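In: Structure here, sequence nowhere to be found:
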């Protein structure tokens, strides 16, 4: 007689699960801090799986309007090949409800998601390193770069939504209190572009970056890099956004590439702006 299958327990993640979830990520050499996990748990529907008292897997679904981003689908090395990742993914998809699921997949994992109906629509480059000073390039006539203020938040949300094609209300409400530096470009009295820098992972993260063109994006990033000389900085950019070669000169080298995938029509940028850097790979 064959042995019975283990009774793994799947349930919604709660705040008390965060230390165990973070410890699993550390074991797998993921760079996230406990604070990064806590932020994701607050804005997402998390799922955990336990074997007895041991947390062995996680997944997050972050609702963002007509879309939901799925991220940090993690299974302990000791439990690979048992169908746990597929079951976590099923629960993450159920949490999307009527919204369109999107995710960033490792290139090795993309075929699995393709078999589940996901279609690649782009690539994201993970870039990081010790930040080097970069002189901000010139802005167009009539444009000014300045620090952002609380009164800019409604317009900042408009730009974030337009550049990503997602509803960023919950994400930005949670993110803005921990932002260390925020800068924007103003023209004719209106905010046209912005970029944020905050603690994340091994150092700082720049993102999102929303701008009308690559020149604005470069200028904003250079201004932020000047605020953290020699710090370890990470930025995740669309591979085709035009920033790659320039970022090499600032010390932010490409260390990984992931596939942007959607199970349905992917989000589209609107209103003449683009997203030049995502919030995180898990959130988009």
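Out: Ah, there it is. These numbers come from a predicted model, not from an experiment.
In: did I read that right, residue 209 in a strand?
Out: Yes. Under DSSP: H, G, I helix; E, B strand; the rest coil, residue 209 sits within a strand.
In: Same question for the least confident helix or strand in the chain by mean pLDDT: list its buried residues.
Out: Least confident helix or strand of the chain, by mean pLDDT, DSSP states H and E, is helix 110-115 with a mean of 88. For helix 110-115, the neighbour count (16 or more other C-beta atoms under 10 Å) marks 110, 113 as buried. (Glycine included, C-beta is placed from N, CA and C.)
In: I'd like the average pLDDT over the very next helix or strand once past it.
Out: Later in the chain than helix 110-115, the nearest helix or strand by DSSP states H and E is strand 119-130. For strand 119-130, the mean pLDDT works out to 97.
In: by contact count, what packs against strand 119-130?
Out: Packing partners of strand 119-130 (3 or more C-beta pairs under 8 Å, 6 or more residues apart in numbering; DSSP states H and E): strand 232-238, helix 244-249, strand 253-262.
In: Please identify the buried residues of the longest one?
Out: Which is strand 253-262. 258-262.
In: Can you name the residues in contact with that strand?
Out: Under the contact criterion C-beta atoms under 8 Å, 6 or more residues apart in numbering, strand 253-262 has outside partners 67, 100-107, 110, 113-114, 118-129, 238-239, 244, 248, 266, 281.
In: what is the orientation angle of whatever helix or strand residue 197 lives in with strand 232-238?
Out: Residue 197 belongs to strand 190-200 when assigned by DSSP H and E. Orientation check (axes from the mean of the first three to the mean of the last three C-alpha atoms, to 10 degrees): strand 190-200 against strand 232-238 gives 130 degrees.
In: Tell me the gap between strand 190-200 and the middle of its chain.
Out: Computed by C-alpha atoms, centre = their mean, to the nearest Å, the chain-centroid distance of strand 190-200 equals 14 Å.
In: Report the buried residues of it.
Out: 191-198, 200.
In: Could you do stretch 154-173 as well?
Out: 155-157, 159-168, 171-172.
In: The strand holding residue 197 pairs with which strands?
Out: Strand 190-200 has the following sheet partners, assigned by DSSP bridges: strand 181-187 (antiparallel), strand 203-211 (antiparallel).
In: follow-up on the earlier one: residue 12: which of the helices and strands packed on strand 119-130 is closest?
Out: strand 253-262 (24.4 Å; C-beta to C-beta).
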